[in-house]
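K.L.:
Sequence first, predicted model second:
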Amino acid sequence: MTIERGDLADPRTLRLLADHLADMHAESPPESVHALDVSGLAAPNVTFWVIAAGDDLLGCVALKELDPGHGELKSMRTDAAARGLGLGARLLEHVLDEARRRGYSRMSLETGPQDFFRPARRLYAKYGFTECGPFADYGPDPLSVFMTMELAAVPGAPR
């Protein structure tokens, strides 16, 4: 399996993102859905990757730069057929490695409190994320769980 920059015009990517947005809207009212659509993922401060096995795209993830020292995990998705294979952990490790390489001192994320998001919250906690208050442009929302973690600097990484 490989993790590579995602092509936002690829029909396989569009299917993954459509499934992601459909799940988010099935779990939360529109005002509590903070997932990025294709145009949000194409923003200059967002980097988007997919995980692939051959021609099959099995998941995706994005890293949004909030400021030069703070990144946000966005659009992490594992295809329903590929869940339980550890792909979420691989995608998360990839983003955390990239954030450290960029010299970020903090990573944050927003997810939901519903049971659907429980596996994701467990994964984030396993990697050191802890609950926090709203960050960046988020406001209080009973259907949002905000998490953050401090990153150790990588020797020789830019600051």
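P.N.:
Perfect, I can see it now. Numbers count the residues shown, from 1 in each chain.

K.L.:
average pLDDT across the one helix or strand residue 77 maps to?
P.N.:
In this assignment (DSSP states H and E), residue 77 forms part of strand 70-78. In this model, strand 70-78 has an average pLDDT of 96.

K.L.:
Poorly predicted segments of this structure, please.
P.N.:
For the chain, the stretches with pLDDT under 70 are 153-159.

K.L.:
Where do the helices of it begin and end?
P.N.:
Under the criterion DSSP state H, helices of the chain are mapped to 11-27, 38-41, 87-102, 118-126.

K.L.:
Outside of the second one itself, list whatever touches it.
P.N.:
The reference is to helix 38-41. Under the criterion Cβ atoms under 8 Å, 6 or more residues apart in numbering, residues 6, 8, 14, 17, 46, 48, 62, 74, 75 lie in contact with helix 38-41. Every residue, glycine included, has its C-beta placed from N, CA and C.

K.L.:
tell me which residues of it are tucked away?
P.N.:
By neighbour count on 16 or more other Cβ atoms under 10 Å, the buried set for helix 38-41 is residue 41.

K.L.:
now it, how far from the chain's geometric center?
P.N.:
Between the centre of helix 38-41 and the centre of its host chain there is 13 Å, according to Cα atoms, centre = their mean, to the nearest Å.

K.L.:
Can you tell me the closest non-neighbouring residue to residue 76?
P.N.:
residue 61 (4.5 Å; Cβ to Cβ, 6 or more residues apart in numbering).

K.L.:
So what pairs up with that neighbour in the strands?
P.N.:
Assessed by DSSP bridges, residue 61 has beta-bridge partners residue 49.

K.L.:
And residue 67, by the same measure?
P.N.:
Going by DSSP bridges, residue 67 forms beta bridges with residue 70.

K.L.:
Would you mind measuring from it to residue 52?
P.N.:
Here residue 67 is placed at a distance of 31 Å from residue 52 (Cβ to Cβ, to the nearest Å).

K.L.:
Please identify which of these two sits among more neighbours.
P.N.:
Comparing residue 67 with residue 52 by other Cβ atoms under 10 Å, the one with more neighbours is residue 52, at 17 against 10.

K.L.:
isn't the more buried one right up against residue 6?
P.N.:
No - taking Cβ atoms under 8 Å as the definition, residue 52 is not a contact partner of residue 6, at 9.3 Å.

K.L.:
For PyMOL, write the selection for the buried entries among the contacts of helix 38-41.
P.N.:
Those of the contacts of helix 38-41 that count as buried under 16+ other Cβ under 10 Å are selected in PyMOL with:
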select buried, resi 6+17+46+48+62+74+75
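
K.L.:
Before I go, just wanted to say thanks for your time.
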